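>>> below is the sequence, then the predicted model.
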Amino acid sequence: MFGCRENKEGKLPANISNRSRMLALQLKTAAPKNPKPSFLIPCRSFTTSPSHPSQDSHLANLILKSDPQTLTQILHSPQIDWTSDLVDKTLKRLWNHGPKALQFFRILDHHPNYTHSCSSFDHAVDIAGRLRDYKSLWTLVARMRARRLGPGPRTFAIITERYVAAGKPDRAVKVFLSMHEHGCPQDLNSFNTILDVLCKAKRVEKAYNLFKVFRGKFKADCVSYNIIANGWCLIKRTPKALELLGEMVERGLDPSLTTFNIMLKGYFRAGQIKEAWEFFLQMKKRKCEIDVVTYTTLVHGFGVVGEIKKARKVFDEMVGEGVLPSVATYNALIQGLCKKDSVENAVVVFEEMVSKGYVPNVTTYNVLIRGLCHSGNMDRALEFMDRMKGDECEPNVQTYNVVIRYFCDVGEIEKALNVFEKMGCGDCLPNLDTYNVLISAMFVRKKPEDLLVAGKLLIEMVDRGFLPRRFTFNRVLDGLLLTDWLMNHVDLTHSNLNPSYYCSKGFQHLMFSYRHVLKIYRLEDQVGILHLRFPPFSLSTMTAPPSPPPATEQQPDPASTGPSARNHGYSRKQKSLGLLCSNFLVLYNRDGVTSIGLDDAASRLGLHLSPICDPFAPHCIRFIGFNGVERRRIYDIVNVLESVGVLARKAKNQYSWKGFKAIPNALQELREEGLRENICNFDGNEDPKGYQISDDEDDAERCGSQQNENSNPTLNLKPMNPKSDNRREKSLALLTQNFVKLFVCSTVETISLDEAAKSLLGDAHKASVMRSSKFKLLTNFCSKLDEAAKVRRIYDIANVLSSMNLIEKTHTSDTRKPAFKWLGLRGKEEVPQETKKRAFGTDITNVSSKRGKVDSFIGGKLDGQKQKGLVGEADRSNLEDSKDGSKSYQFGPFAPVTIARAGTGNTRNVHDWEKLTSTYRPQYQNQALKDLFSHYMEAWKTWYSV
DNA sequence: TCCTCCCGCCATTAA
DNA sequence: TTAATGGCGGGAGGA
């Protein structure tokens, strides 16, 4: 209904009653009148026109596309002859579209002439369980019982399996123990089932405990033992499995061939190849009737560990022993060859298999296709895919996923999309994996168009009932926001880059749209919606009755877990000093900027877009507002920037922008100063008086020694001239200068954190000794305190400097301790991010002559190396977002000045937003973003409105 | 567990 | 006196 929306003008009259209407509807839905604008993907109509639609497939497509009202009419239409079989098949088709499937089931439950069968109920229960919609699940169970259709052992098998899959094994056990209360007494079969469910989910300890308690009561048989043994083998605890076999024999039960095969497989799984082989020999010795499963296990086991020869030998031997290989045996051999030998040999075996009259199954093809893809032979992989169709072995979703994944991996995004397209034409529908793979691939090339495709894919997947992971949603949203931002501002000429415009409007739009989505949440606060609350809500809150989401305030939700970062809904990194500094630079590093008001800067930078961090947790919304905290950070930034000459303080609250072109000069001055001080310090150290004289004397002396130098009269920073100003001595500005001097006054490229701390501590330490020489006992302690504080400051400084690309955070090669590498001005030549590139680029051309002066000195001997490392590093630092999505994109400043100022009080602020939301509609220029938001709102409505 | 560094208290300074 | 500034270190978050 969203992919091909049956919109207002397309809606059918209320009473559809004849067949032609029905057909008309079907035709119409199959060919949407107003297809949505497609971005990069050619207009896919995957839900339509399967080449030979069976009735169930056709129904499934209809269900996927219809809104609830229309759907009710269609499903209740007398033209459809509902049978249990048809319902089951349709439900299976809708397997990956849980909400829609349940909707279908519920609508049909009210059908005048049809009642659901037990198996349909089981399907529905399974789907509800898969959605973790336990309320619906138990409602279904109750309804089953009311209609005397069950629940039966199968129902409980499903339920327990779903609980275990959801990470609730205890709950599953409880369900098993309470089966009889639902009218379904436990027996050996159901006992074995719960054991199996637990074991297959690797909850073997739990299964074994249950087994020990109840094996007497249910008279555990060979199957029970096999299940547990298989469990131990699954978690590679073969000795436990063996022990269990001992118990089995003790209790008078004979292990079967299955038992032995389980053990054999277990040894291979645990990597105990030798033991496996010996076990097999024992089996032979004991005259076990070795079957094809045993041989297949051997072939597979040897194959995956790369012992191809042995695998082949076993394969050849089995025929001699009178056991014919099965398709599975061939599959095992082909898999081994693909993985550890050559795919060509695998193809040979494949052909041999066919020539002998075996019919390859989907697994055979999938294994081979994966092998071909892995070896880079994509074309042949596609050929085999075509061949599958010819062999009446339709590619399944795994087949498609493999090919799509490999195309994505090699960067052939278009081809991947083509395959995806083909998928839509057949009966095979994409699954969550398909979407995840494709969406991730859309971030590889870092192209805005790709991000739009990602947006479209996200819409599509939601449409089909897949719940994107929060990470995926955020990433796509971030991507789209970025493109929106870029489209709105960066693509325009510089003159259009008016911060006040986008700061207010861009931000407002975002917030309003976001509010819309949230409104839907509150509106649709049904059980199902809880699925969409990803962790921290997820599992533990799933079963609880839905509590109304805490009303949007900034207050952390008391229900959520502790005072962790999850509560504020943003990553720590999103508020880092470095990022803030980047945004600061984006704002001001532009032609025409001459002066900067700190109020302005703070308000522009102060509001962070925390909502996009967790669009599914309304309580996480909060505005990191215009308050002291944010402003405090501005001081840190301006102090560091001032130290390297980018800014100069004019007056209270006022700085003038000098730009990056001022850096070379500042560095040069720092260097000169630093060199002077080295002489000074040397003298000072030689002079024992230094430790006795008073502060004033110290000053006088230092000033005196400085006068020996032909110092630059314009230099007014006097960093190493601490007077009696204790505060100044420890200031971030001075620390920054001294930090920078460490690099510019030497030829070292990298300085470790420890070294930096020591060097910088040196001054303060000495000063503190001077100050507190009377309290020598305290000295040591003080210096330690100083050090800890200073290290924190170094981090602060480093973050700002590295956001300017003056330095880079790295590690010492030997000890892997944190260190900083000087990039100097070169660091700015490689800034791939568009905004920065532009900003830095202009400046750099202006300063090239000066750069030569400083750089030739500072970086001369390091050039080659530095340059090399730099490209990679700059790339990494600037593009790392694309690697981990939400963290990576920097949105620049969004904060609207006026609103930010109003927003120091939390609740009032929220109300303001609410009011604005209701009157404002989002107006993105970015169509994909617009679609995404409106889509989400619609989706929630329709899923849960029946 | 240790490293990193954000947060915000509150002292100091400037207007 | 008030507002601006910024030192400082606790402790949260992340690797």
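Ah, there it is. Numbering: from 1, shown residues only, chains lettered A, B, ... in the order given.

>>> so A:Ala346 sits in a helix?
Yes: assigned with DSSP: H, G, I helix; E, B strand; the rest coil, A:Ala346 falls within a helix.

>>> doesn't A:Arg370 make contact with it?
No: here A:Ala346 does not reach A:Arg370: they are 10.1 Å apart, not a contact under CB atoms under 8 Å. All C-beta atoms are positioned from the backbone trio N, CA, C, and that covers glycine.

>>> between these two, what contacts are shared?
Common contacts of A:Ala346 and A:Arg370 (CB atoms under 8 Å, 6 or more residues apart in numbering): A:Cys338.

>>> looking at the stretch 101-250 of chain A, which residue is nearest DNA strand B?
A:Gly167 (22.8 Å; CB to the nearest atom of the strand).

>>> roughly how far apart are that residue and DNA strand C?
Taking CB to the nearest atom of the strand, to the nearest Å as the measure, A:Gly167 falls 21 Å from DNA strand C.

>>> what about that residue, how many neighbours?
Neighbour count for A:Gly167, taken as other CB atoms under 10 Å: 14.

>>> show me which residues of the stretch 401-550 of chain A are close to DNA strand B?
By CB under 7 Å from any atom of the strand, no part of the stretch 401-550 of chain A sits against DNA strand B.

>>> so where's the stretch 401-550 of chain A uncertain?
A:424-427, A:446-448, A:462-475, A:477-550 (pLDDT under 70).

>>> about what we covered before: look at the residue of the stretch 101-250 of chain A closest to DNA strand B and give its secondary structure.
Per three-state DSSP, A:Gly167 ends up coil.

>>> give me phi/psi at it?
For A:Gly167, the backbone dihedrals (degrees, to the nearest 10) come out as phi 80, psi 30.

>>> quick check: A:Glu344 vs A:Pro325, distance?
For A:Glu344, the distance to A:Pro325 equals 20 Å [CB to CB, to the nearest Å].

>>> show me which of these two is the more surrounded one.
Ranked by neighbour count (other CB under 10 Å), A:Glu344 and A:Pro325 place A:Pro325 first, with 22 against 13.

>>> element containing the more buried one?
Take DSSP states H and E as the rule and A:Pro325 turns out to sit in neither a helix nor a strand.

>>> what sits against it?
Here A:Pro325 is in contact with A:Val292, A:Tyr295, A:Thr296, A:Phe315, A:Met318, A:Val319, A:Leu333 (CB under 8 Å, 6+ apart).

>>> most surrounded residue in those?
With neighbours taken as other CB under 10 Å, the top of these is A:Leu333, carrying 29 neighbours.

>>> wait, doesn't it sit right on A:Lys313?
No: assessed by CB under 8 Å, A:Leu333 is found out of contact with A:Lys313, at 11.2 Å.

>>> buried ones in stretch A:639-649?
A:Asn639, A:Val640, A:Leu641, A:Glu642, A:Ser643, A:Val644, A:Gly645, A:Val646, A:Leu647, A:Ala648 (16 or more other CB atoms under 10 Å).

>>> so which of those residues are in strands?
When DSSP state E defines the strands, the subset of the buried residues of stretch A:639-649 inside them is A:Leu647, A:Ala648.

>>> closest to A:Lys200 among the buried residues of stretch A:639-649?
Of all the buried residues of stretch A:639-649, A:Lys200 sits closest to A:Val640, with 57.0 Å by CB to CB.
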